[in-house]
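Q: need coordinates for the following:
(chains A and B)
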Amino acid sequence: MSALAAALRKEALIQWRSRAQLLAVYLFGAASLLLFSFAIGPDSAALRQHSAGFLWLALLLSSTLSLAESFGHEMENRAFEGLLLLGAGPRSLYYGKALSNWAQLSLVGIGLVPVMVVLYDAGTPRIPSLVAVIVLGTSGLSAPGTLYAAMTAQARARQTLLPLLLFPLVVPVLLASVKASSLVILGDPMGQMGSWILLLVAFDLIHWSLCGLLFGRVVED
Amino acid sequence: MSTPALAVDAAGLCRRYGRRWALVDVSLQAPPGCVVMVTGRNGSGKSTLLRILSTAIRPDRGTARVAGFDVRRQTDAVRRRVALLSHHSYLYEALTALENLEVAARFVGVPAGREALEERLAAVNLADRADDPVSTFSAGMRKRLSLARTLLRDSAVVMLDEPYGQLDPPGFRLVDRIVGSLRDRGVAVLVATHLLERGASLADLGVILEAGRLVWSGPAAELPSRARLDPDGEGGA
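A: Prediction:
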């Protein structure tokens, strides 16, 4: 537990010192939302109908930036190897990094909601439910995203390689997140929300467990 | 657990990078409290040897026990007893000197309070730069901070890869003092360096590597006459 606390403290320090990057990721997501809205045109009903899909596309694209960068700090001066040689457990390092990425992506996602509401006329009184879906969905992106970011961190084309590996894996998460968000925004007369949330929770549990187990294999020589 | 008779006991170590063998059949023994100088030309395998013994990389062949533990099968146990000063500083550029030490101290499990860490920084003459980010540090200052980080834990074996690199003359003397104090405490120290005269005066044993092979080992005092690291035979530096 103390190793996880140490890993979280490290992440908090690094996130604080490089906080401008969080703003950059957020602005990228907001710009993506703006550009997607141009594809629909001025049809407010269509905009509202597709708002959840575009919110998650913007989040997915933003996530590749922040996930890839999250290991940038670890690779310069081989700081990550230094921690492993101090005896830090790979699993603690993984969960520290994944939780940090999750927090960052959740913040970006929640911050994009007002942009979506304004650009897509997608206001909803059920904001807490939408936030809950964002938190669950970004959890499903962060767990495998952190593992793949570690795998691709030393590759020259990591910005390309990461989405190529990550996107196919997170299709179910993306699908469930878009459907659940749509139901929050457009209403849920058939009561389908529960099954999508269940799917998200199941994927989150599987990814967080499996990736934690695999991480040691990925980062050791 | 009792102290092992040999702090480092390696036999037949081999390591390959792609098709090139960086280390071929290297054996090395060092008792506790012994300072071993590892020397050789650039690319002779010094860093590879230290990286294998510190578990940063695995050997392709051969066996090694460090502080009594197998580097292949008991990696965690070795890591808790070994410290490596690497070519890579292992520092986070975005963090301050103090924060870098704090991060490492929390993982090692030593006091991570400001006062305790400032003492560590003072020991390497960096107390006045405690709150400056590492990205503003010179190469020599980074080396000093890496030294402080390396010495956070009381290790059974300390490996210093080119510890004099980028340091000024006071830095040289600092490294000498550190190595002497480690030896006095019974710590085995492996020093990879090109500075033959300096290393030989500190070390008990000497090892010369050439193209990944161990070509000589013996008393460190004989090193300067044995090693021919540059065309002038002065051992580089």
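Q: look up how far B:Tyr17 lies from the one residue in chain B that gets nearest to chain A.
A: For chain B and chain A, the shortest gap (CB to the nearest CB) falls at B:Tyr90, measuring 2.7 Å. Yep, even glycine has a C-beta here, placed from its N, CA and C like the rest. Distance, B:Tyr90 to B:Tyr17, by CB to CB, to the nearest Å: 21 Å.
Q: again, but for A:Arg9
A: Going from A:Arg9 to B:Tyr17 by CB to CB gives 35 Å.
Q: between those two, tell me which one has more neighbours.
A: A:Arg9 (17 against 11; other CB atoms under 10 Å in any protein chain shown).
Q: isn't that one up against B:Arg106?
A: Yes. Applying CB atoms under 8 Å, one finds A:Arg9 in contact with B:Arg106, separated by 6.0 Å.
Q: mind giving me the packing neighbours of the lowest-mean-pLDDT helix or strand in chain B?
A: Least confident helix or strand of chain B, by mean pLDDT, DSSP states H and E, is helix B:223-226 with a mean of 74. For helix B:223-226, the elements it packs on are helix B:196-202, strand B:205-210, judged by 3 or more CB pairs under 8 Å, 6 or more residues apart in numbering or on different chains; DSSP states H and E.
Q: show me the helices in chain B, by range?
A: With DSSP state H as the criterion, chain B has helices at B:46-53, B:75-79, B:97-108, B:114-123, B:139-150, B:169-184, B:196-202, B:223-226.
Q: TSV for those helices, including mean neighbour count?
A: Formatted as TSV, the helices of chain B follow (neighbours: other CB atoms under 10 Å in any protein chain shown):
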stretch	mean neighbour count
helix B:46-53	25
helix B:75-79	19
helix B:97-108	24
helix B:114-123	16
helix B:139-150	21
helix B:169-184	16
helix B:196-202	19
helix B:223-226	17
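Q: for A:Pro114, which of those is the nearest?
A: helix B:97-108 (33.6 Å; CB to CB).
Q: now that closest one: average pLDDT?
A: For helix B:97-108, the mean per-residue pLDDT is 96.
Q: what comes into contact with it?
A: Residues outside helix B:97-108 that contact it (CB atoms under 8 Å, 6 or more residues apart in numbering or on different chains): A:2-3, A:5-6, A:9-10, A:13, A:17, A:82-83, A:86-88, B:91-92, B:95, B:111-112, B:114, B:116-118, B:120-121, B:126, B:129-132, B:134, B:137, B:145, B:148-149, B:152-153.
Q: let's see 7 Å
A: A:3, A:6, A:9-10, A:13, A:83, A:86-88, B:91-92, B:95, B:111-112, B:114, B:117, B:120-121, B:126, B:129-132, B:134, B:145, B:148-149, B:152-153 (CB atoms under 7 Å, 6 or more residues apart in numbering or on different chains).
Q: likewise for stretch B:184-191?
A: Under CB under 7 Å, 6+ apart, the answer for stretch B:184-191 is B:7-8, B:30-38, B:50, B:155-160, B:163, B:179, B:182-183, B:199, B:203.
Q: can you pull the contacts of the most centrally placed residue in chain B?
A: Chain B has B:Leu160 as the residue nearest its centroid, 1.7 Å off, counting by CA atoms, centre = their mean. Counting by CB under 7 Å, 6+ apart, B:Leu160 makes contact with B:85, B:189, B:191.
Q: quick one: mean pLDDT for the longest helix seen in chain A?
A: Assignment by DSSP H gives helix A:90-120 as the longest helix of chain A. For helix A:90-120, the mean per-residue pLDDT is 96.
Q: so it versus helix B:97-108, what angle?
A: 120 degrees (axes from the mean of the first three to the mean of the last three CA atoms, to 10 degrees).
Q: ok, which residues in chain B are in contact with chain A?
A: When proximity is defined by CB under 7 Å from any CB of the partner chain, chain B lies next to chain A at B:54-58, B:76, B:79-80, B:84, B:88-95, B:99, B:103-104, B:106-108.
Q: for the chain, which spans come out with low pLDDT?
A: Picking chain A for this. Scanning chain A for pLDDT under 70 picks out the ranges A:1, A:221.
Q: I was thinking of chain B, sorry if that wasn't clear
A: The model of chain B has pLDDT under 70 over residues B:1-3, B:227-237.
Q: same thing but 90
A: Along chain B, segments meeting pLDDT under 90 span B:1-5, B:41, B:194-202, B:221-237.
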